[in-house]
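Visitor: Okay, sequence plus prediction incoming.
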Amino acid sequence: MSLTVEEGEFFGFIGPNGAGKSTTIRTLLGMIRPTFGDAEIFGMSIRRKRKKILADVGYLPSEAIFYSGMRVKDILKLSADLRKTDCQKETKKLCERLQLDVEKKVEELSFGNRKKVAIVCALQHKPRLLILDEPTSGLDPLMQREFFQILRERNERGATIFLSSHVLSEIQRNCTRAAIIRDGQLIACDSVEELSRSSVKRVAVHGEVQLNDLQGIRDLEETDGGVSFLYSGDISRLLQTLSEGNIKDLSVSEPDLEEIFLHYYEKDGDQE
């Protein structure tokens, strides 16, 4: 696949588990060597300039594992020391905002609190690029909101954010552009606004209508006094069919990103 993310973007990388999101990220970080091709960050090859690139990258894996027996404050200091950076001021600020107890040992942490430790490790050195692999799993809704507020602040100050997620609402609320991956290949890449503008429409009908012969309907649901469905067929044919029924009300709207995502994942008329 071929993909470009511009400096300063808040970019979403969408796909279900197994689509290739983490593999792509590990290739970008030089953890996996590609069989062919190359990946560049800051205009430098990850194969040849990996150490220099990673000095200015913050990486958050989907699952974080730490040395047992260590306290949170020691883990955060170790992370900063490995980068030869004094992060004390930023570390304290992030821990306060994420309500992270730095005196606790790793074994005492819940999954959500381990994720908070990983977030601070990724952000405390103020990197130019943040690569985040499903970062909000384990965080409660309030912490998710605070986390994205921190990311937006970093982005406004110039940081580039590459956010991998299968939670489409996160992408729709925060990202300016996104790519959709399936089986290791990009199937769409555009602004979130454009991705949401597809030929597929959400149609809600209040009244009586026969839709049996209409092609392009899916996700048909009966509602109170009518039906709702996604439609990707001929609009003229739809209007003709509806005109033959007893329609009391009608709405045609853009579907949300989740519905668009499912549309892209259709194959031979079936949803994968």
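Guide: Cool, got the structure.
Visitor: which residues of this protein fall in strands?
Guide: Residue ranges of the strands in the chain, as given by DSSP state E, are 10-14, 40-41, 44-45, 57-60, 129-133, 160-165, 177-182, 185-191, 201-208, 217-223, 226-231, 246-253, 266-267, 270-271.
Visitor: Check the nearest residue to Ile217 once chain neighbours are set aside and give its pLDDT.
Guide: Once flanking residues are discounted, Ile217 sits nearest to Phe229: 5.0 Å by C-beta to C-beta, 6 or more residues apart in numbering. Just so you know, the C-beta spots here come from the backbone N, C-alpha and C atoms, and that holds for glycine as well. According to the predicted model, the pLDDT of Phe229 comes to 88.
Visitor: returning to that earlier point: for the strands of the chain, which one ends up most surrounded?
Guide: Across these, the average number of neighbours (mean count of other C-beta atoms under 10 Å) peaks for strand 10-14, which reaches a mean of 25.
Visitor: where are the low-confidence patches of the stretch 51-200 of the chain?
Guide: Within the stretch 51-200 of the chain, the stretches with pLDDT under 70 are 197-199.
Visitor: Count the neighbours of the nearest residue to Glu146 once chain neighbours are set aside for me.
Guide: The shortest distance from Glu146 to any residue that is not its chain neighbour, by C-beta to C-beta, 6+ apart, is 5.8 Å, and that residue is Arg97. Under the neighbour criterion other C-beta atoms under 10 Å, Arg97 is assigned a count of 15.
Visitor: ok, what's across the strand from Tyr59?
Guide: The residues listed as beta-bridge partners of Tyr59 by DSSP bridges are Ile131.
Visitor: ok so, going back, looking at the strands of the chain, which is nearest to Ile75?
Guide: Distance to Ile75, taken as C-beta to C-beta, is lowest for strand 57-60 among the strands of the chain, at 14.1 Å.
Visitor: would you list the strands of the chain in JSON lines and tack on distance to Ile25?
Guide: As requested, the strands of the chain are exported to JSON lines (distance: least, C-beta to C-beta, whole Å):
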{"stretch": "strand 10-14", "distance to Ile25": "8"}
{"stretch": "strand 40-41", "distance to Ile25": "12"}
{"stretch": "strand 44-45", "distance to Ile25": "17"}
{"stretch": "strand 57-60", "distance to Ile25": "8"}
{"stretch": "strand 129-133", "distance to Ile25": "5"}
{"stretch": "strand 160-165", "distance to Ile25": "6"}
{"stretch": "strand 177-182", "distance to Ile25": "11"}
{"stretch": "strand 185-191", "distance to Ile25": "14"}
{"stretch": "strand 201-208", "distance to Ile25": "32"}
{"stretch": "strand 217-223", "distance to Ile25": "31"}
{"stretch": "strand 226-231", "distance to Ile25": "31"}
{"stretch": "strand 246-253", "distance to Ile25": "34"}
{"stretch": "strand 266-267", "distance to Ile25": "25"}
{"stretch": "strand 270-271", "distance to Ile25": "26"}
